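K.L.:
Next come a sequence and a model predicted from it.
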Amino acid sequence: MASQADGTDPQRRDQQLQELTAGTQELHNAPITLTEYDADWPRSGAPEVERMLRFRDRLRDDDVAREHYVRTKRALAQRVWRHVQDYADAKTAVIQEILGEAEGRTHREQLTDEVGE
């Protein structure tokens with residue numbers, strides 16, 4: 001393989017860049033399941049899809065709710081998370097609060113619903 005004018009080997013430079021940015025990759029034996037593409041997924045009317053759309057619409061329509069969500073996300077983004085899911089879980093309270101406001105419920109009413117009182 002030819003070297004660059006600066007004397008570096010492009011393949012080695014790419015390998016070093018990969019190690020710096022992504023670390024080394026380890027092989028795994030996890031099974032991979034392929035499924036056929038379903039153009040109708042997620043189906044309209046599914047509860048989670050409807051919830052996400054309500055949340056999106058609330059953020060589009062309500063400047064205060066949107067700014068509250070932005071502030072929360074920025075604050076959470078400053079923290080170091082071991083898993084991405086931990087970050088997602090940390091946003092749950094503000095998402096439920098915003099959705100509850102969209103449905104006309106207070107934060108206290110939402111918490112009461114969650115604990116079943």
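P.N.:
It's in. These figures come from a predicted structure and were not determined experimentally.
K.L.:
show me where pLDDT drops low in this structure?
P.N.:
Scanning the chain for pLDDT under 70 picks out 1-8, 21-29, 41-42, 44, 105-117.
K.L.:
So which residues of it form helices?
P.N.:
10-22, 47-61, 63-77, 84-90, 92-102, 107-115 (DSSP state H).
K.L.:
Deepest in the core, which of those helices is it.
P.N.:
Most buried of the helices of the chain by mean neighbour count (mean count of other Cβ atoms under 10 Å) is helix 92-102; its value is a mean of 17. For every residue, glycine as well, the C-beta is placed using N, CA and C.
K.L.:
would you put the C-alpha positions of that helix in CSV?
P.N.:
What follows is helix 92-102, C-alpha atoms only, in CSV (Å, rounded to 0.1, in the frame of the first residue of the first chain):
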residue,chain,number,x,y,z
THR,A,92,-40.0,10.4,31.6
ALA,A,93,-41.2,12.8,34.3
VAL,A,94,-41.1,15.9,32.1
ILE,A,95,-42.8,14.0,29.2
GLN,A,96,-45.6,12.8,31.5
GLU,A,97,-46.0,16.3,32.9
ILE,A,98,-46.3,17.8,29.4
LEU,A,99,-48.7,15.1,28.3
GLY,A,100,-50.8,15.5,31.4
GLU,A,101,-51.0,19.2,30.9
ALA,A,102,-52.2,18.6,27.3
